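J.: got a predicted structure here, sequence first:
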Amino acid sequence: MTAIPICRPTVPTRRTREGVEVLPPRGEWRFTRQGVVAAEHVPPFYDLYLSAFEHLKRRSAARQVLTRSEFFDQMVDPRVEKYIAWSADGAPVGMTTLTRHLDSVPWISPEYFEARYPAQAARHAVYYLGFTLAHPRERHKRFVETMLQVGIEEMVAEGAVIAYDACAYNEAALRFSDRVESVLEDYPSSKLELVDTQSFSCITFG
């Protein structure tokens with residue numbers, strides 16, 4: 001489990017998450033931030049999600065993949081912010097999820113983060129990164145780093161903490177934290193730190 005504390009340059013304002021907000025475009029992609037995903041886009045996003053993460057069912061001892069019902073519930077949960085990338089022809093091609101409602105993430109302990117980052121927790125500025133996914137044609141370094149940057153930039157203004165978890169396979173094979181760290185090079189006030197680990201052991205008889 002990893003967290004990114006980001007020093008606060010200005011006094012943050014409490015952001016609202018009502019409706020759909022169009023964010024500045026980046027390159028050939030347009031971005032929106034929204035609490036609820038339109039019903040017609042949820043099944044395609046679920047297909048993208050499975051294509052990106054289903055292999056982790058065999059790669060990680062800890063459960064890494066949301067069930068279909070969990071995924072669909074998250075897509076309509078306004079507590080979970082969705083940063084969505086759209087192609088030039090209007091098709092959804094990527095998504096990053098973030099939430100500051102830590103009790104909506106069943107596999108973490110909100111009390112841990114409240115105790116470790118009391119100042120940010122008092123401002124409701126501790127976030128959890130759920131996942132970043134991309135359409136197969138967009139699974140390249142520039143797109144994934146752009147997706148991460150879109151979400152991180154608002155956290156910088158808020159002086160927030162962003163926590164996330166990554167299994168050993170994602171760290172070794174996909175070098176996820178290295179990719180996050182490369183995005184953070186543009187934000188000298190940030191610091192990436194490993195805050196906890198968990199080991200899985202097996203005892204075999206016979």
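T.: Arrived safely, thanks for sending. Treat the numbers as computed from the prediction; the structure is a model and nothing was measured. Numbers count the residues shown, from 1 in each chain.

J.: what about V144, how many residues nearby?
T.: Counted by other Cβ atoms under 10 Å, the residues lying close to V144 total 21. Bear in mind the C-beta positions are built from the backbone N, C-alpha and C, glycine included.

J.: could you do M75 as well?
T.: M75 has 23 neighbours, counted by other Cβ under 10 Å.

J.: buried set for the longest helix anywhere in the chain?
T.: Ordering each helix of the chain by length in residues (DSSP state H) puts helix 141-158 first. Of the residues in helix 141-158, F143, V144, T146, M147, L148, V150, G151, I152, E154, M155, V156, E158 count as buried by neighbour count, 16 or more other Cβ atoms under 10 Å.

J.: just those residues now: which is nearest D73?
T.: Nearest to D73, judged by Cβ to Cβ, of the buried residues of helix 141-158 is G151 at 20.7 Å.

J.: quick one: contacts for the closest one?
T.: Taking Cβ atoms under 8 Å, 6 or more residues apart in numbering as the definition of contact, the neighbours of G151 are E81, Y83, T96, L98, L129, I162.

J.: in ChimeraX, how would I select just the buried ones from those?
T.: Here is the ChimeraX command that picks out the buried ones among the contacts of G151, judged by 16+ other Cβ under 10 Å:
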select :81,83,96,98,129,162
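
J.: which stretches of this structure form strands?
T.: Counting by DSSP state E, the chain forms strands over residues 2-5, 20-26, 29-34, 80-86, 92-99, 126-134, 161-164, 193-194, given from the N-terminal end onward.

J.: what about F72, neighbour count?
T.: 17.

J.: ok, back up a step: worst average pLDDT in the strands of the chain?
T.: Across the strands of the chain, strand 2-5 has the smallest mean pLDDT, namely a mean of 63.

J.: quick one: contacts for the most centrally placed residue in the chain?
T.: The residue lying closest to the centre of the chain (Cα atoms, centre = their mean) is L129, at 2.8 Å. The contact partners of L129, taken as Cβ under 8 Å, 6+ apart, are T96, T97, L98, G151, I162, A163, Y164.

J.: do you know how far the residue nearest to L50 when sequence neighbours are not counted is from S87?
T.: Nearest residue to L50, sequence neighbours excluded (Cβ to Cβ, 6 or more residues apart in numbering): V65, at 7.7 Å. Counting by Cβ to Cβ, to the nearest Å, the separation of V65 from S87 is 25 Å.

J.: would you agree M147 is in contact with F131?
T.: No: assessed by Cβ atoms under 8 Å, M147 is found out of contact with F131, at 10.4 Å.

J.: low pLDDT regions in the protein?
T.: 1-18, 139, 141 (pLDDT under 70).

J.: tell me how many other residues surround the closest residue to V20 other than its chain neighbours.
T.: Using Cβ to Cβ, 6+ apart and skipping the chain neighbours, the partner closest in space to V20 is Q34 (4.3 Å). Taking other Cβ under 10 Å as the neighbour definition, Q34 ends up with a count of 18.

J.: same question for L23.
T.: 16.

J.: contacts only, for it.
T.: Counting by Cβ under 8 Å, 6+ apart, L23 makes contact with F31, T32, R33, Y83, V150.
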